[in-house]
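K.L.:
Attaching a predicted model along with its sequence, questions to come.
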Amino acid sequence: MERVSDIQCKVGESPVWDAHSAAWYWVDIVSKRVWHLDGNSGALRYWSTSEMVACVAPKESGGLIAGMETGLFSLELGEGEQAGETRLARPATLGEGMRFNDGRTDRQGRFWSGTMFMDMAAARAIGELYSYSAEQGLSAPVVSGLVTQNGLAWSPDGRTMYLSDSHPSSRLVWAFDYDTASGVPSNRRVFADLNQHVGRPDGAAVDAEGGYWTCANDAGCLLRFTADGKFDRRVDVPFAKPSMCAFGGADMATLLVTSIPSGKPEDAEWGGAVVLLRPGVKGVVETRFKG
């Protein structure tokens, strides 16, 4: 396990490996930053955004698509510290005190992300999941009634979609049948119930064998479930609140894990750190956003 510099994010999230440029991206939501790590040189830098940025995915045309406070944005990443921003869409239900949260592309290059009410203590189940494509724009809400939307991922063949609600009142991961042609999920069922394990199911990634890796927030570990939903293994990490993971690197066998400080004294050194580890399986190259 390798620590990425001495970074301590306030809310580290949304790592993604861009195979085209051989680089990692992730965000620090509260600090309004998009981080970039060159996979070849190890050079590290960030861009600032005008509002909180919660999730990003590389675009075929360059730059990133991002879920932020007031909608979905296209981010242009230049030489300067400030990212260029163009808003693409805003759901009518994205009200005061809300923002987008977890997000990523499906295997066909559509961008998916969900909304949440930022005060988690309020436990307001008003979050919704959306898809966005250049051709169709923003979809109607695909899933509603979410408190803290998280855990988006797709099976290697793209025919199963995963989604979680990481709020303490839920702690569930669902699987859906996914129509790759239309981008419509169906047959929602419980895939993993973390009430029967440890932690809360935060961000996630799927490996080449179909295993689903969820960051068990508050439990200091990653949990892997096989494609049929059976618990397979636990990998401990040096912080209490892992937030999301992503496969990448030249051989797709490295897992980058972001985290959130817990505020506990024993977590002071590592809380908010970003680490790279080799879990023993390879991931699947993520599709860039098309359009």
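P.N.:
Received it, and whenever you're ready, just let me know what you need.

K.L.:
List of residues touching the helix or strand containing residue 206?
P.N.:
Element membership of residue 206 [criterion: DSSP states H and E] is strand 200-206. Applying Cβ atoms under 8 Å, 6 or more residues apart in numbering, the contact partners of strand 200-206 are 13-14, 102, 150-156, 162, 164-168, 171-173, 192, 194, 212-219, 241-247, 255, 258, 283-284. To be clear about C-beta, it is placed using only N, CA and C from the backbone, and glycine gets the same treatment.

K.L.:
residue boundaries of the strands in the stretch 51-200 of the chain?
P.N.:
With strands called from DSSP state E, counting those that start in this stretch, the stretch 51-200 of the chain shows them at 53-58, 64-68, 72-76, 84-89, 98-105, 111-117, 127-133, 137-138, 143-146, 149-154, 160-165, 172-179, 184-193, 200-206.

K.L.:
For the closest residue in space to residue 149 that isn't next to it in sequence, give the beta-bridge partners.
P.N.:
In space, and not counting its chain neighbours, residue 149 is closest to residue 114: 3.0 Å by Cβ to Cβ, 6 or more residues apart in numbering. Here residue 114 sits in beta bridges with residue 129, going by DSSP bridges.

K.L.:
ok, now residue 176?
P.N.:
Residue 176 has the following beta-bridge partners by DSSP bridges: residue 161.

K.L.:
same thing with residue 103?
P.N.:
Beta bridges link residue 103 to residue 113 when assigned by DSSP bridges.

K.L.:
what's around it, how many residues?
P.N.:
Neighbourhood size, residue 103 [other Cβ atoms under 10 Å]: 28.

K.L.:
what's the distance between it and residue 95?
P.N.:
Between residue 103 and residue 95 the distance is 19 Å, computed by Cβ to Cβ, to the nearest Å.
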